[in-house]
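*Asks:* Sequence plus predicted model, see below.
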Amino acid sequence: MRLVVADTSPLVYLILIDHIEIVPRLFEVILVPDSVHAELLSPSAPAVIQHWARNLPPWVEINKGLTLPDDAALQALGAGERSAIALAISIRADLVLIDERKGTQVAIERGLNATGTLGILQQAGRRGMLNLAEAFDRLKRTNFRYRQEIMDDLLREQS
């Protein structure tokens, strides 16, 4: 089994576009730091996200009591990114699911493999779990920040 740690953003967007079910099919189990779980439960999160976080599926494991390393690059990130990267480092995770560019860069600099929402969708599309163009269309209707060229490249690779 691969060790996979998730930050908040990929989970949020996969829930919003109704494709969260691909996560256990791709990764079996994901580890979520308690600060990421708290972000999902935040009153400012959409109701569908809060509902999902209150009723976690069995393939999500919450990690509590993580001690954050004294790392200046991590301190510049949000709580979810910081704890997801720290957890991934501490357990020598195979992959961290993270969208934020700065967080992804820090994760890679720390020797982690990282992918985000687009990469998760691409993997699922390659395995025939979803229609990638349709998933991207759904994602565009959220507040997800994307560069069209990246989506176009991923769609070209798919065909």
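*Replies:* Sure, I can see it.
*Asks:* what does the longest helix seen in the chain rub up against?
*Replies:* For the chain, the longest helix by residue count, based on DSSP state H, is helix 79-91. Contacts to helix 79-91, defined as Cβ atoms under 8 Å, 6 or more residues apart in numbering, come from residues 3, 5-9, 31-36, 38-39, 63, 66-69, 71, 74-75, 77, 93, 95-98, 100, 102-103, 106-107, 110-112. (Each C-beta comes from the backbone N, C-alpha and C, glycine too.)
*Asks:* Drop anything exposed from these.
*Replies:* For those, a burial check counting by 16 or more other Cβ atoms under 10 Å picks out 3, 5-9, 31-33, 35-36, 39, 63, 66, 68, 74, 77, 93, 95-98, 100, 103, 106-107, 110, 112.
*Asks:* So which of those residues are in strands?
*Replies:* The members of these that map onto strands under DSSP state E are 5-6, 31-33, 63, 95-97.
*Asks:* If you rank every helix and strand of this structure by mean pLDDT, what lands last?
*Replies:* helix 72-75 (a mean of 78; mean pLDDT, DSSP states H and E).
*Asks:* if we can go back for a sec, ok, so of the ones in strands among the buried ones among the contacts of helix 79-91, who is nearest residue 13?
*Replies:* Taking Cβ to Cβ as the measure, residue 13 lies nearest residue 97 of these, at 10.5 Å.
*Asks:* where's the closest one relative to residue 156, distance?
*Replies:* Distance from residue 97 to residue 156, counting by Cβ to Cβ, to the nearest Å: 23 Å.
*Asks:* for residue 89, same thing?
*Replies:* Residue 89 is 34 Å from residue 156, by Cβ to Cβ.
*Asks:* Looking at those two, which is more packed in?
*Replies:* Neighbours were counted for residue 89 and for residue 156 using other Cβ atoms under 10 Å; residue 89 has more, 18 against 8.
*Asks:* Would you list the phi and psi of residue 65?
*Replies:* Dihedral angles phi and psi of residue 65 (degrees, to the nearest 10) take the values phi 70, psi 30.
*Asks:* can you pull the contacts of the closest residue to it other than its chain neighbours?
*Replies:* Using Cβ to Cβ, 6 or more residues apart in numbering and skipping residues adjacent in sequence, the residue nearest residue 65 is residue 34, 7.7 Å away. Listed by Cβ under 8 Å, 6+ apart, the contact set of residue 34 reads 62-66, 83.
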